[in-house]
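Undergrad: Whatever this is, show me its structure:
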Amino acid sequence: MEITKIYQPDQVDEAAKEIQLGELIAFPTETVYGLGADATNEKAVLRVFQAKGRPADNPLNVTVANVEMVKRFVGDINEWGQTLINKFWPGPLTLIFKTLPNALSPVVTGGLPTAAFRMPDNQVTLKMIEKAQTPIVGPSANSSGKPSPTTAEHVFHDMEGKIAGIVDDGPTSVGMESTIIDLSGDVPVIIRPGAISTKQIEAVLKMKVKHKQAASNQKYRHYNPDATVKMVNHNDWQIAIDWAIKQPFKVGIMAETAVLNQFKPQLSTFDLGSGVQDASQNFFAGIRKLDNEEHVNLILVQTFAEDGLGEAYMNRLRKASNNQLWSLE
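TA: Numbers count the residues shown, from 1 in each chain. Next up, the predicted model:
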């Protein structure tokens, strides 16, 4: 078992050296913490799959510090990509491009002719990548299938003894993973909603984009705590809380401050804050706290309208709950 060291932001030179040596380093972004390894070092990348317990055919994204790192693997960037890069990078947007032949190991790409690239809006991580002089793979730094980590403590909980270090830059500011858009085909396709909304992307590209349709039986489960998660519509809170108090098992509540103040549930609670922006930032932290610290059996979570950032919030909540809506029936 490795000793997992915590690096402060002024220690990124040390973290970068570990990357160069083929070690795994968790790093902060504005969305969630990522798990980094030299994207050109196949042995190091294989260790990422091992540390996460991630299926080997599930491709990894590549995290870069500048656009030149992307061009190294894809050649010329198409017009859509350049437009989105100019507007949203660094930021919570991941772009999928066709790659040059043999530019990246199939261990990174899952054997696909494409790869996903992101430049996070976090100066500490950008500096680390620049110091390491290599792009790094950057999946979320959690055990595969579990809620994403938004603090260094979350990473330590999942990865202690499995990785060399964690760069601690405090809680993430967005809390939801990046929007992913595939630019490798005839029309842009949003693969996963995130902090940058469909409307924002369409406004910049001046065109409609498609959305990948979610399969009814997802190959890989995501954001799944040990507790069962169910969605609660706004009008159902009083009856849901009354029901929860009577149950023989432990129930946790995740809702906005206004909901908690109104109903004052005598249960384990987590305050999502005020509005969908706060709720998105706090979502994964709440799931982890109620699951790992409060050890509840069921988590009831507030829903939001599916527009803007609510599109990403509800995507994660639907996955965490396996699309289960709480009801008395």
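Undergrad: May I have the residues that are in contact with the most centrally placed residue in the chain?
TA: Within the chain, the residue whose C-alpha comes closest to the C-alpha centroid is residue 177; the distance, by CA atoms, centre = their mean, is 3.2 Å. Applying CB atoms under 8 Å, 6 or more residues apart in numbering, we find residue 177 in contact with 31-32, 92, 140, 148, 192, 194, 312. No exception for glycine: its C-beta is placed from N, CA and C like everyone else's.
Undergrad: Quick one: distance of stretch 191-204 to the chain centre.
TA: Its chain's C-alpha centre lies 16 Å from the corresponding centre of stretch 191-204 when counted by CA atoms, centre = their mean, to the nearest Å.
Undergrad: list the buried ones in that stretch?
TA: Neighbour-count burial for stretch 191-204 flags 192-198, 200-201 (criterion: 16 or more other CB atoms under 10 Å).
Undergrad: and it, C-alpha only, in CSV?
TA: This file holds the C-alpha atoms of stretch 191-204, laid out as CSV (Å, rounded to 0.1, in the frame of the first residue of the first chain):
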residue,chain,number,x,y,z
ILE,A,191,-22.9,13.3,-24.5
ARG,A,192,-23.3,14.5,-21.0
PRO,A,193,-24.9,17.8,-19.7
GLY,A,194,-22.8,19.9,-17.3
ALA,A,195,-22.2,23.4,-16.1
ILE,A,196,-22.2,24.8,-19.6
SER,A,197,-25.8,24.4,-20.8
THR,A,198,-27.1,23.3,-24.2
LYS,A,199,-28.5,26.9,-24.7
GLN,A,200,-25.0,28.4,-24.2
ILE,A,201,-23.4,26.0,-26.6
GLU,A,202,-26.0,26.5,-29.3
ALA,A,203,-25.8,30.3,-28.9
VAL,A,204,-22.0,30.2,-29.5
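Undergrad: before we move on, which element is the nearest residue to residue 28 once chain neighbours are set aside in?
TA: Sequence neighbours aside, residue 169 is the residue nearest to residue 28 in space, at 3.7 Å (criterion: CB to CB, 6 or more residues apart in numbering). For residue 169, there is no enclosing helix or strand under DSSP states H and E.
Undergrad: Just give me the neighbour total for residue 169.
TA: By the criterion of other CB atoms under 10 Å, residue 169 has 21 neighbours.
Undergrad: Give me the pLDDT for it.
TA: Reading off the confidence values, residue 169 has pLDDT 98.
Undergrad: which residues does it contact?
TA: In this structure, residue 169 makes contact with 9, 28, 122, 124-125, 152, judged by CB under 8 Å, 6+ apart.
Undergrad: Please repeat the previous calculation with a cut-off of 7 Å.
TA: Residue 169 sits next to 9, 28, 122, 124 when contact means CB atoms under 7 Å, 6 or more residues apart in numbering.
Undergrad: Most neighbours of all those, which one?
TA: Counting by other CB under 10 Å, residue 28 has the largest number of neighbours within the contacts of residue 169, with 29 neighbours.
Undergrad: Could you measure from that residue over to residue 282?
TA: Relative to residue 282, residue 28 is positioned 17 Å away (criterion: CB to CB, to the nearest Å).
Undergrad: So which bits of stretch 161-178 are buried?
TA: Of the residues in stretch 161-178, 162-169, 172, 174-178 count as buried by neighbour count, 16+ other CB under 10 Å.
Undergrad: try stretch 312-322
TA: The neighbour-count criterion (16+ other CB under 10 Å) identifies 312-321 as the buried residues of stretch 312-322.
Undergrad: go on, stretch 246-263?
TA: Those buried within stretch 246-263 under the rule 16+ other CB under 10 Å are 250-256, 259-260, 263.
Undergrad: right, and the pair among those residues with maximum separation?
TA: For these, the maximum inter-member distance is 21.6 Å, found between 250 and 256 (CB to CB).
Undergrad: Give me the residues contacting stretch 84-102.
TA: 30-31, 61, 67, 73-75, 77, 81, 109, 113-121, 126, 174, 178-184, 194-196, 204.
Undergrad: wait, isn't residue 300 in contact with residue 239?
TA: No: if you go by CB atoms under 7 Å, residue 300 and residue 239 don't touch, sitting 11.3 Å apart.
Undergrad: If you count surrounding residues, which of these two has more?
TA: Here residue 300 and residue 239 are set side by side on neighbour count (other CB under 10 Å), and the busier one is residue 300, at 27 against 13.
Undergrad: Quick one: residues contacting the more buried one.
TA: In this structure, residue 300 makes contact with 230, 232, 240, 244, 251, 253, 326, judged by CB under 7 Å, 6+ apart.
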